[in-house]
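# sequence? don't have it. structure:
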């Protein structure tokens with residue numbers, strides 16, 4: 001039987017490419033989209049002979065996360081991967097409105113961890129829980145500054161995953177924070193050196209290469225360790 005992956009945030013860009021690449025590697029994929037509009041994930045599902053399922057989820061709404069868990073009850077996931085992030089521009093922290101700070105932190109750090117905590121019971125004991133992080137979440141690599149709130153949100157995400165790993169220290173699941181590299185997407189911008197095709201196959205290889213290895217790792221799309 002094929003392995004089953006749930007990709008949270010799979011409607012476009014990195015998330016959609018991740019779903020498509022997993023499909024190529026003989027995974028069955030459940031992907032989530034935020035609204036009711038047609039997306040690239042719907043098109044992928046139509047061409048995948050029943051191996052891609054589309055679920056609706058606004059992950060910043062706890063009630064929707066709970067509802068998704070109830071809809072998936074009885075399913076076993078080999079991979080839960082949360083891919084979600086927003087940025088609201090390169091604004092010095094003193095100029096960032098409180099509402100913007102809250103929005104970015106909730107979307108990039110709090111909501112992904114709520115998803116992980118809520119859906120962890122669906123993941124097989126030898127399965128993998130992954131979250132899309134960023135090199136910009138590395139404190140030790142921050143030598144140039146900029147993108148203050150986005151950086152802070154990814155650092156917070158990394159710290160919360162460390163807390164999660166410590167809380168479930170005896171868990172046999174693999175835990176991954178993945179840096180996909182600086183990719184040309186709406187979030188990454190046109191100056192980014194990597195295409196989605198450069199990044200995502202490496203992300204999937206990294207996920208598969210570390211399957212069955214318990215504990216938390218912060219890795220990039222080529223499998224290299226990213227300093228915290």
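Sure, I can see it. What you see is a predicted model; the values in this text were computed from it and never measured.
# report the buried residues of whichever helix in the chain runs longest.
When the chain is parsed with DSSP state H, its longest helix is helix 148-167. Neighbour-count burial for helix 148-167 flags 148-158, 160-161, 164-165 (criterion: 16 or more other CB atoms under 10 Å). (C-beta placed from N, C-alpha, C; glycine too.)
# same check on stretch 217-228?
217-221, 226.
# from those residues, which is closest to residue 77?
Ranked by distance to residue 77 (CB to CB), the buried residues of stretch 217-228 are led by residue 217 at 19.1 Å.
# a helix runs through the closest one, doesn't it?
No. Counting by DSSP: H, G, I helix; E, B strand; the rest coil, residue 217 falls outside a helix, being strand.
# does it touch residue 210 like I think?
Yes. The criterion here is CB atoms under 8 Å, and residue 217 meets it with residue 210 at 6.5 Å.
# who touches both of those two?
Counting by CB atoms under 8 Å, 6 or more residues apart in numbering, the common neighbours of residue 217 and residue 210 are 174, 176.
# quick check: bridge partners of residue 3?
Assessed by DSSP bridges, residue 3 has beta-bridge partners residue 27.
# show the pLDDT at it.
pLDDT, residue 3: 96.
# list the buried residues for stretch 207-218?
Those would be 207, 210, 214, 216-218, for stretch 207-218 by 16+ other CB under 10 Å.
# let's have those residues in CSV, adding distance to residue 4.
Shown next, in CSV, are these (distance: CB to CB, whole Å):
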residue, distance to residue 4
207, 13
210, 18
214, 20
216, 22
217, 22
218, 25
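# could I get these as TSV with distance to residue 74 and pLDDT?
Putting these into TSV (distance: CB to CB, whole Å; pLDDT from 0 to 100) gives the following:
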residue	distance to residue 74	pLDDT
207	24	98
210	27	98
214	25	97
216	28	98
217	30	98
218	32	98
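# quick revisit: which other helices and strands contact the longest helix of the chain?
Counting contacts by 3 or more CB pairs under 8 Å, 6 or more residues apart in numbering; DSSP states H and E, helix 148-167 is packed against helix 98-105, helix 111-119, strand 174-179, strand 215-220.
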